[in-house]
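Novice: This is a predicted model, with the sequence first.
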Amino acid sequence: MGDWNVRLNCIFDLMVLPFDDTYFMKKALLEAQEAFDKGEVPIGAIIVVQDRIIARAHNLTEQLNDVTAHAEMQAITAAANFLGGKYLQNCTLYVTLEPCQMCAGALYWSQISRVVYAAKDSERGCGVMGTKLHPKTVLLGGVLETEASMLLKKFFIQKRNLN
Ligand SMILES: [Zn+2]
């Protein structure tokens, strides 16, 4: 009976764990965790084309002393290098926090097909700032939102306690 349950669970996993938005957002969250471990604001991003991850990045603004070193900016550059072209057609960016104005601007120029984010940034996100993505870009938010915002909260609480 137990064996059968295990087998059923395996079949269930195969059915519910294809390459979907949740699967890829988990990969972006792993990047965010890497940023967290380095003392960076924990934001991670990956870029996927045809279910294949072609770029992984996390926020490195502290390490590089560079305000432009957001996860999305690095992922865009890495993906373009991988593809050998500047336009990210048929690509999806997964990022753990809603892109800021700068990243939304860069995503605009890349003409990326889809942008999926986890947590909303109600202060500095492209939505509240009124920054537009490319008309070709489909935007979706809220995938693993709780996980992403919990990591961010944990980071800022820890930082506050250290100071
Ligand atoms: Zn940004």
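Specialist: Nice, I can see it. Numbers count the residues shown, from 1 in each chain.

Novice: Distance of A106 relative to the ion?
Specialist: Note on A106: its distance to the ion, by Cβ to the ion, to the nearest Å, is 8 Å. Quick note: C-beta positions are derived from backbone N, CA and C, even for glycine.

Novice: does that residue really touch E72, like I thought?
Specialist: Yes - look at A106 against E72 with Cβ atoms under 8 Å: they come within range, at 6.8 Å.

Novice: In terms of neighbours, single out the busier of those two.
Specialist: In this view A106 and E72 are compared by other Cβ atoms under 10 Å, and E72 has more residues nearby, 29 against 19.

Novice: So that one lies in a strand, does it not?
Specialist: No - with DSSP: H, G, I helix; E, B strand; the rest coil as the criterion, E72 is helix rather than part of a strand.

Novice: quick one: it from the ion, how far?
Specialist: 5 Å.

Novice: my guess is that residue contacts S110, does it?
Specialist: No - with contact defined as Cβ under 8 Å, E72 does not count as touching S110 (9.7 Å).

Novice: Need phi/psi at T92.
Specialist: In terms of degrees, to the nearest 10, the main-chain angles of T92 are phi -120, psi 130.

Novice: The residue sitting nearest the centre point of the chain and R160, how far apart?
Specialist: For the chain, V95 is the residue whose C-alpha lies nearest the centre (Cα atoms, centre = their mean; 1.6 Å). Distance from V95 to R160, counting by Cβ to Cβ, to the nearest Å: 24 Å.

Novice: if I pick I112, what's in contact with it?
Specialist: I47, I76, L88, Q89, C91, T92, L93, H134, T137 (Cβ atoms under 8 Å, 6 or more residues apart in numbering).

Novice: Quick one, which of those residues are buried?
Specialist: Those of the contacts of I112 that meet the buried threshold are I47, I76, L88, C91, T92, L93, H134, T137, by 16 or more other Cβ atoms under 10 Å.

Novice: Quick check: which element contains the second one?
Specialist: To tie it back to what came earlier, the one meant is I76. helix 71-83 (DSSP states H and E).

Novice: Sounds good, over and out.
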